[in-house]
Every structure is written in C-alpha cells, then in structure tokens.
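Pasting the sequence and the predicted coordinates here, then a few questions.
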Amino acid sequence: GRQKVSIRKVFEPIQNEIAYLADNGTDIVAGDFVQSMKFEDEDYVGLARDLETLNDRGFTYMPCMADWNFVDAAREDYYQVVLSYGCQAKKVPDLTALRGISKVSLYHKDGIPEDVEQMMKEHWSDKMDVCISGSCYLDFSGKDCNKGRGLAILQEHLGITYEETAAFGNADNDISMILQAKYGYAVGNASEDLKKAAFEVIGPVQQDGVLMKLKEILAEMGKEGQADESDDSRIQ
C-alpha cells in the first residue's frame, strides 16, 4: 500500500532489480514496464468533498499519485506523519482541486471507527474499492483497482502463473492480492478477514513471520533444485 518512493528506500541495495506494486497496486513498475490505475476525476472530487465533512472530527485524507502524496496544508501534524513513512509529499491548500489521483487514504490517529467505515462503504462501494488498511487508515481506489489486479497485471507481464506466486499481507486491502497467489499468507497479527482468505497463517511481523516463511520457501526450492540436478546426473 505504500508509495513507490518509500518502498525503494527500504530496498535501496536492490531497488533497480525488483518490480513494484505500490499505492495498493495502482502503481506498477517492472523495469521499463509502467502502468497506473486512476480514479475518474469526477469520482475523486465527490469523494474528496465527502471526506472533508469529517474534518471537524479530527480526520484528514491523503490523495496519492505515482511518486507523490498530497496533504492538507493546514495539517502540519499529519504532513510529518507522512514524511516519517519515507514518502515524498506535498502540502496543498485545496485537495479537491487535484486530478489524476490513483488512491485516497482517510486517516485518523486513533483509528477508523466502524460507523465511519460503514458510512463510506455505503456512499462509495458501488464506484470504488473501499477497505481498511492498517489501524489508522481507510483506503479508496477505483473499482477493481487494487493489489490483486495489480499483481495479475505483473504476473501477465512477467509470465508468472498463479501457481508460482506467493504473497504476504496483514490488512483487508491485501485480500485481493493473496487471492491472486496460490500461496497467500497472512501474518499472525493480520485482520481476521485476511486470515480467513489466506492459504496459511504464519508468524506475526514482530517475530519476523514473513522472513521466516521466505527462508523456508527458498530452502525448499533449493532442495528441489538439488533433486533435479541429481536426476540429471543419473540420466547422464
């Protein structure tokens, strides 16, 4: 769900050797292959105006496009939060004036109450994907413009099948992605809905659950490779 700029910083030593599914899968990059998914501008404007009715309850929202996040200029506190994620961000006086937006994240420092989540789903789920992302965010993207679709596009481009794909997630916005992979893993601290959709529930992030599972997968692949080499030598 994070911005590509932020992800690149995490994987800096190999940033030019990997593919990216950023901003909930709406920003796809694999070498020279670049594809993005965006809102219809009129849908974005309607959503933005609806979200601004929550400002007096302490909410704010962050529109995103490839490589840039936008923050209400009046919310310096939230601007600093966004920068702490390693994102590239701009403060703007009127978020409703933006165009070409790919994802919107509604934020509240104390989390998204269930009544707000349900209200926004009632208002927008006919036109958009609306789902919880982590503890403090409710994410919006174009209809079927999500991590699952982004992964499907990347699979087709790279010639990778469903059976050859593993994916890891922790929040509801990962459900579409893990369903696009045969081996869809939910970390132990994931949302209950994600756990229900997963191929397997692994250890929590705090115990390096993803890293441990990756090591297990790579070790198994190494054994299979050794077995193949042994078979080849017997044939020779």
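Structure's in. What do you need? Numbering: from 1, shown residues only.

quick one: low-confidence parts of the chain?
Applying pLDDT under 70 to the chain flags residues 225-236.

Would you map the strands across it?
For the chain, the strands defined by DSSP state E occupy 20-22, 27-30, 33-36, 60-65, 68-72, 89-92, 103-107, 128-133, 137-142, 166-169, 183-186, 200-201.

Out of the ones you listed, which gets nearest to residue 12?
Of all these, it is strand 20-22 that lies closest to residue 12, at 13.1 Å by Cβ to Cβ. Placement of C-beta: from N, CA and C, glycine included.

Report the distance from the closest one to the chain centre.
Put simply, strand 20-22 sits 8 Å off its chain's centre (Cα atoms, centre = their mean, to the nearest Å).

Pull up the pairing partners for it, direction included.
Paired strands of strand 20-22, with direction, are strand 27-30 (antiparallel) (DSSP bridges).

about what we covered before: turn the strands of the chain into CSV, including mean neighbour count and distance to residue 117.
Output for the strands of the chain, formatted as CSV (neighbours: other Cβ atoms under 10 Å; distance: least, Cβ to Cβ, whole Å):
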stretch, mean neighbour count, distance to residue 117
strand 20-22, 23, 23
strand 27-30, 20, 24
strand 33-36, 13, 26
strand 60-65, 24, 14
strand 68-72, 21, 21
strand 89-92, 15, 25
strand 103-107, 25, 9
strand 128-133, 23, 7
strand 137-142, 25, 6
strand 166-169, 20, 18
strand 183-186, 23, 20
strand 200-201, 13, 23
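
Got the domain ranges for this structure?
Domain ranges of the chain: 41-142, 163-236, per automatic domain parsing.

want to throw those into CSV with distance to residue 1?
Listed next are these as CSV, based on distance: least, Cβ to Cβ, whole Å:
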stretch, distance to residue 1
domain 41-142, 5
domain 163-236, 6
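
can you put the strands of the chain in TSV and add distance to residue 175?
As requested, those are exported to TSV (distance: least, Cβ to Cβ, whole Å):
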stretch	distance to residue 175
strand 20-22	14
strand 27-30	18
strand 33-36	21
strand 60-65	20
strand 68-72	23
strand 89-92	27
strand 103-107	16
strand 128-133	8
strand 137-142	12
strand 166-169	7
strand 183-186	9
strand 200-201	14
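
quick one, which of those strands is nearest to residue 8?
Nearest to residue 8, of all those, is strand 20-22, at 7.7 Å by Cβ to Cβ.

dump the residue contacts of the nearest residue to residue 88 once chain neighbours are set aside.
Leaving aside its sequence neighbours, residue 88 sits nearest to residue 5 (Cβ to Cβ, 6 or more residues apart in numbering; 4.5 Å). Each residue near residue 5 by Cβ atoms under 8 Å, 6 or more residues apart in numbering is listed here: 67, 86-88.
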